[in-house]
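Trainee: need coordinates for the following:
(chains A and B)
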Amino acid sequence: MKKFFANQWLVMLVFSAVILTMPIWLSPIGAGYPDLLQKFMIFGIFAIGFNILFGLTGYLSFGHAAFLGVGSYAAVWSFKLLTMNVLPAIIFAIIVAGLFSVVIGYISLRRSGIYFSILTLAFAQMSYNLAYSVLTPVTNGETGLQLERADPRIIDSLFVEPTEGLPLTNFFSLSLSGYEGFYFCAAFLIIGFFISLRIFRSPFGLKLRAIKSNQTRMQYTGFSTKPYLLSAFVISGMYAGLAGGLMAATDPLAGAERMQWTASGEVVLMTILGGVGTLIGPLLGVGIIKYFENIFSAINENVLMAAYSGLPEGLQHFLVTVSSPFVGEGWHLTLGLMFMLVVIFLPGGIMEGFDRIKRLLMKPFSRNKDAVESAEEGH
Amino acid sequence: MGVGTGNTVLKVDGVTKTFGGLRALDDLNLTIEEGTVHAIIGPNGAGKSTMLNVCIGQLKPDTGTVTFDGEVITGKQPFEINQAGVSRVFQTPAIFEDLSVLQNVMIPAIAHRDGKFKLNPFSILEKQDDIEGRAVEILERLRLTELMDKHAGSMSRGNKRRLELAMCLVQQPRLLLLDEPTAGMSRHDTNRTIDILKQIKEGGMTKVIIEHDMHVVFSVADRISVLARGHIIAEGTPDEIKGNPVVQEAYLGGSVE
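Mentor: Modelled structure (predicted):
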């Protein structure tokens, strides 16, 4: 694994190939449609960023959805005021979320452990409630922030004739619906993954991991740890802002529910399920949770009947009765059980599972290698 | 003695530190000469570790000052004091248990090069040959090279202590503070540590060592201060201390030798 990650261009090539061919290899399991693919990309970016904070420093933020929400609002305002082009909207989303995370991070990082988590949770819930109440002029309260025909769109009004209906988001002349939207988000995911890869391999990444391991030792080793933690916090906040901006780019509205604590909790689950502190783990977590949420939840009794159709009728009915609580509305049950199993048996997430399988398969080889090494030491 | 340079590198001046009703340090005065190995001995609870904690900024004294290299360091942050050139080996090994042995030594090497804060998220760790080279060199000196890729947390206590010493040495500190560096070590490991401590004498580094093992103290120390009830009751060369009746009574008497 170490050697594999050593060649970053090879890693990026394989990674990009896997991501860009997703519409092909995900269609047999029913997940190859653009709407879900976009979700994979957007939440993938969110989780990669979250993992830079949680995975490397061990600081568990329970309020990262706030940055995602702020990014969405910033992007929609850019659509309303400036242009329907998504590029400024996304830049705007990243910057605003970044500034917001500087403030929240600066205050929350005065504490560590559970107190840090509670502070971030409090800030996110505060933002959520403010978006519903006091900040209604900015957020449009319960209705959510939407595009209107009467929006000024200063830049667009100079170049384009206003259309009959609501204008659509675009990337210059490219529309962002369907697969175009997926590839647009995929490009950002690939860039985001590359940045994360570089951070993991940099001295900065090592320092963050050392802070997770022993922060006191870091201070006696000559490092001022707060600025490092704040940098990680802001970087992950900006990733969340980017994810929020992309959400608005593919579907130009923003609602306060994106900031709710359940949304923050979801990214925590994704990261833990896949593997905290690993590069790929959070993406696996995103894939599994979003797949369950969208595909598993759509399975009903008829689908189950069809799946067991080859069996004798009695057995078929029995199996349908047994499995139906786990699908459809019950998908949370399956996910919950899976999460419990992973946390209990694989604390390092699914990535740890892969690691164990790999070690098991490599065992005969590594024993030989050890034998060779000890023989060499003997000389 | 003629070992040191004659300059004062560390000066503890009238330091008092109380915890509740307990006076852990009571008007402590101590001067450490540059280039020497200065041992601090004394019974348990005499205030030895508290003194080191004050020196590295972990504790703030109630009164008094600590001066390092002519600069007052009381009230400074631990990382500032380290950057000024003070490294410490703790009584219980303070290492990065989750990282590899090599990484454990690379981190202080990076601190020495980059200072207290430098954001370098895009440089590649494996390509920092200067850092890795220095880390490997120190690990070789402490005979830890074969454990380089191991998880630091999985090592024996003795190896953890040597690793922590490596982490301090890689920073080339001007002042190295050692809190019982051989406690819990086997005779063999203790002798090896004595050899290492004697070896790094050549670097011109000043070392302050807290130690209960008189074999270690008399093997490495140029000067000895005896601490009891929060202040220095005697100071001198090893021979002077051995013959001092006050010390005999307060500390060495019967229990140790």
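Trainee: how far does stretch A:14-24 sit from the chain's center?
Mentor: The chain centroid and the centroid of stretch A:14-24 are separated by 17 Å, computed with Cα atoms, centre = their mean, to the nearest Å.
Trainee: so which bits of that stretch are buried?
Mentor: For stretch A:14-24, the neighbour count (16 or more other Cβ atoms under 10 Å in any protein chain shown) marks A:Phe15, A:Ser16, A:Ile19, A:Met22, A:Pro23 as buried. C-beta here means a position set from N, CA and C on the backbone, and glycine is covered the same way.
Trainee: assign a three-state SS to the most centrally placed residue in chain B, would you?
Mentor: Geometric centre of chain B, nearest residue: B:Leu177, 1.7 Å, by Cα atoms, centre = their mean. Under DSSP: H, G, I helix; E, B strand; the rest coil, B:Leu177 falls in the strand class.
Trainee: can you list the residues of chain A near chain B?
Mentor: A:6, A:195, A:198-199, A:201-207, A:209-210, A:212-214, A:216-225, A:227-228, A:231, A:235 (Cβ under 8 Å from any Cβ of the partner chain).
Trainee: residue boundaries of the strands in the chain?
Mentor: Just going to use chain A. Ranges of strands in chain A, per DSSP state E, are A:145-146, A:170-171, A:174-175, A:253-254.
Trainee: ah, I was thinking of chain B
Mentor: Ranges of strands in chain B, per DSSP E, are B:8-19, B:22-33, B:37-41, B:63-68, B:71-72, B:86-89, B:175-179, B:206-210, B:223-228, B:231-236.
Trainee: flag the shaky bits of the stretch 101-250 of chain B, pLDDT-wise.
Mentor: B:201-203, B:250 (pLDDT under 70).
Trainee: now do the contacts for the residue nearest to the centre of chain B.
Mentor: Residues in contact with B:Leu177 (Cβ atoms under 8 Å, 6 or more residues apart in numbering or on different chains) are B:Leu52, B:Cys55, B:Ile56, B:Val86, B:Ser87, B:Arg88, B:Val89, B:Lys207, B:Val208, B:Ile209.
Trainee: how about a cut-off of 7 Å?
Mentor: B:Leu177 makes contact with B:Leu52, B:Cys55, B:Ile56, B:Val86, B:Arg88, B:Val208, according to Cβ atoms under 7 Å, 6 or more residues apart in numbering or on different chains.
Trainee: tell me the contacts of the nearest residue in space to it that is not next to it in sequence?
Mentor: Excluding its sequence neighbours, the residue lying closest to B:Leu177 (Cβ to Cβ, 6 or more residues apart in numbering or on different chains) is B:Arg88, at 4.3 Å. With contact set as Cβ under 7 Å, 6+ apart, B:Arg88 has these partners: A:Tyr220, B:Leu52, B:Ile56, B:Cys168, B:Leu177, B:Asp179.
Trainee: flag every residue of the stretch 51-200 of chain B that's near chain A.
Mentor: Counting by Cβ under 7 Å from any Cβ of the partner chain, the stretch 51-200 of chain B comes close to chain A at B:56, B:78-79, B:82-83, B:88, B:94-99, B:103, B:107-108, B:110-111, B:116-117, B:119-125, B:128.
Trainee: where's the nearest residue to A:Gly30 once chain neighbours are set aside relative to A:Gly49, distance?
Mentor: Spatial nearest neighbour of A:Gly30, chain neighbours left out: A:Ile295 (5.4 Å); criterion: Cβ to Cβ, 6+ apart. Separation of A:Ile295 from A:Gly49 (Cβ to Cβ, to the nearest Å): 25 Å.
Trainee: which of the two has more neighbours?
Mentor: The residue with more neighbours, out of A:Ile295 and A:Gly49, is A:Gly49; 29 against 16, by other Cβ atoms under 10 Å in any protein chain shown.
Trainee: and the residue lying closest to the more buried one once chain neighbours are set aside, how many neighbours?
Mentor: Residue nearest to A:Gly49 in three dimensions, not counting chain neighbours: A:Tyr239, with 2.1 Å by Cβ to Cβ, 6+ apart. Look at A:Tyr239: counted by other Cβ under 10 Å, it has 31 neighbours.
Trainee: same question for the one 3 residues further on.
Mentor: A:Leu242: 30 surrounding residues under other Cβ under 10 Å.
Trainee: again with A:Ile357
Mentor: By the criterion of other Cβ under 10 Å, A:Ile357 has 10 neighbours.
Trainee: with B:Ile107 instead?
Mentor: Count around B:Ile107 with other Cβ under 10 Å applied: 30.
Trainee: go on, A:Leu158?
Mentor: Neighbourhood size, A:Leu158 [other Cβ under 10 Å]: 8.
Trainee: out of the residues of chain A next to chain B, which end up buried?
Mentor: Looks like these have A:195, A:198-199, A:201-207, A:209-210, A:212-214, A:217-225, A:228, A:231, A:235 buried, using 16+ other Cβ under 10 Å.
Trainee: point out where the stretch 1-150 of chain A drops to low pLDDT.
Mentor: For the stretch 1-150 of chain A, the stretches with pLDDT under 70 are A:1-6.
Trainee: in it, which spans are helices?
Mentor: Under the criterion DSSP state H, counting those that start in this stretch, the stretch 1-150 of chain A contains helices at A:2-6, A:8-20, A:22-25, A:34-57, A:65-81, A:86-108, A:113-132, A:136-139.
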